[in-house]
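Participant: Only the shape, not the letters, is given here:
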């Protein structure tokens, strides 16, 4: 869905990278239906940094999974780069995720038997890219996140902050339109969290990649361009 707001003398803003309209999700627990999302509307434009905050259990991670095409909604619509996710089959959704999105989680989810370089290259291998092209691209992205000297280390040989930087590099190596991050600083000490804050800002500015960050960390939320609060299944400003 296009964002039709105008700015700078009437110039149209570019089409949203991710949009949702009246997005709803209800879980069935036993015989009871439990609504979690009750009609979420959101547009995120290219290069925008958006934080989503809310109390535990409010549905933040559920929303992120729906926006990323990782789960099916109970109602409403999600568009990624103008394509309606709910009209796609699983193979088509997977291809769109690999092409358009990157994901970062609270736990880095690196593959323990592979080096940092191989972990970052994995989304490119999934695309069918050969070693000769994938590994140089992965190495260049690891350099961007300050880990040029650690590319041959296994995850067990890296600090928590370094592992999360590898996860960010993996999310960005495909040059996605948007990165979806779920509590990316949740397991980091304050120093590592601060470094990750700065890294997100730098990479956002350099690559014009959008970031949607679910977080309990109000300092991180405050560094985003917009902060939205999920309350009673809907998104509110601030």
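Facilitator: Okay, I see it. As the structure is a computational prediction, the values presented were derived from the model and not from experiment. Numbering: from 1, shown residues only.

Participant: can I assume residue 230 sits in a strand?
Facilitator: Yes: Residue 230: assigned to a strand according to DSSP: H, G, I helix; E, B strand; the rest coil.

Participant: That one pairs with what?
Facilitator: With DSSP bridges as the criterion, residue 230 is bridged to residue 235.

Participant: so it touches residue 57, yeah?
Facilitator: No: applying C-beta atoms under 8 Å as the test, residue 230 and residue 57 come out as separate, 10.3 Å apart. Heads up, the C-betas are built off the backbone N, CA and C, glycines and all.

Participant: Neighbour count: these two, which is higher?
Facilitator: Just comparing residue 230 and residue 57: by other C-beta atoms under 10 Å the higher neighbour count belongs to residue 230, 21 against 9.

Participant: Look up how far residue 207 lies from the more buried one.
Facilitator: From residue 230 over to residue 207 the distance is 27 Å, taken as C-beta to C-beta, to the nearest Å.

Participant: Repeat that for residue 183.
Facilitator: Separation of residue 183 from residue 207 (C-beta to C-beta) stands at 22 Å.

Participant: Residue 130: neighbour count?
Facilitator: Neighbour tally, residue 130, other C-beta under 10 Å: 9.

Participant: for the nearest residue to residue 54 once chain neighbours are set aside, what are its contacts?
Facilitator: Distance criterion C-beta to C-beta, 6 or more residues apart in numbering; nearest residue to residue 54, sequence neighbours excluded, is residue 230 at 3.7 Å. Residue 230 makes contact with 40, 52, 53, 54, 58, 59, 60, 63, 236, according to C-beta atoms under 8 Å, 6 or more residues apart in numbering.

Participant: can you give me the helices for this protein?
Facilitator: 60-67, 90-100, 116-126, 131-144, 160-172, 190-207, 218-222 (DSSP state H).

Participant: I'd like those written out as JSON lines, with distance to residue 83 added.
Facilitator: JSON lines is the format used below for those (distance: least, C-beta to C-beta, whole Å):
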{"stretch": "helix 60-67", "distance to residue 83": "13"}
{"stretch": "helix 90-100", "distance to residue 83": "6"}
{"stretch": "helix 116-126", "distance to residue 83": "19"}
{"stretch": "helix 131-144", "distance to residue 83": "25"}
{"stretch": "helix 160-172", "distance to residue 83": "20"}
{"stretch": "helix 190-207", "distance to residue 83": "21"}
{"stretch": "helix 218-222", "distance to residue 83": "29"}
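
Participant: any weak-confidence spans in the chain?
Facilitator: Applying pLDDT under 70 to the chain picks out residues 1-14, 107-108, 238.

Participant: centroid residue for it?
Facilitator: What sits nearest the mean C-alpha location of the chain, by C-alpha atoms, centre = their mean, is residue 180, with 0.9 Å.

Participant: ok, for residue 236, nearest residue in space, not its chain neighbours?
Facilitator: residue 229 (5.0 Å).

Participant: hang on, that neighbour packs against residue 218?
Facilitator: No: taking C-beta under 8 Å as the definition, residue 229 is not a contact partner of residue 218, at 10.9 Å.

Participant: what residues are shared contacts of the two?
Facilitator: residue 53.

Participant: And those two? Which one has more around it.
Facilitator: The neighbour comparison of residue 229 against residue 218 (other C-beta under 10 Å) goes to residue 229, with 17 against 11.

Participant: List the contacts of the more buried one.
Facilitator: Going by C-beta under 8 Å, 6+ apart, residue 229 touches 52, 53, 54, 235, 236, 237, 238.

Participant: Alright, I will stop here.
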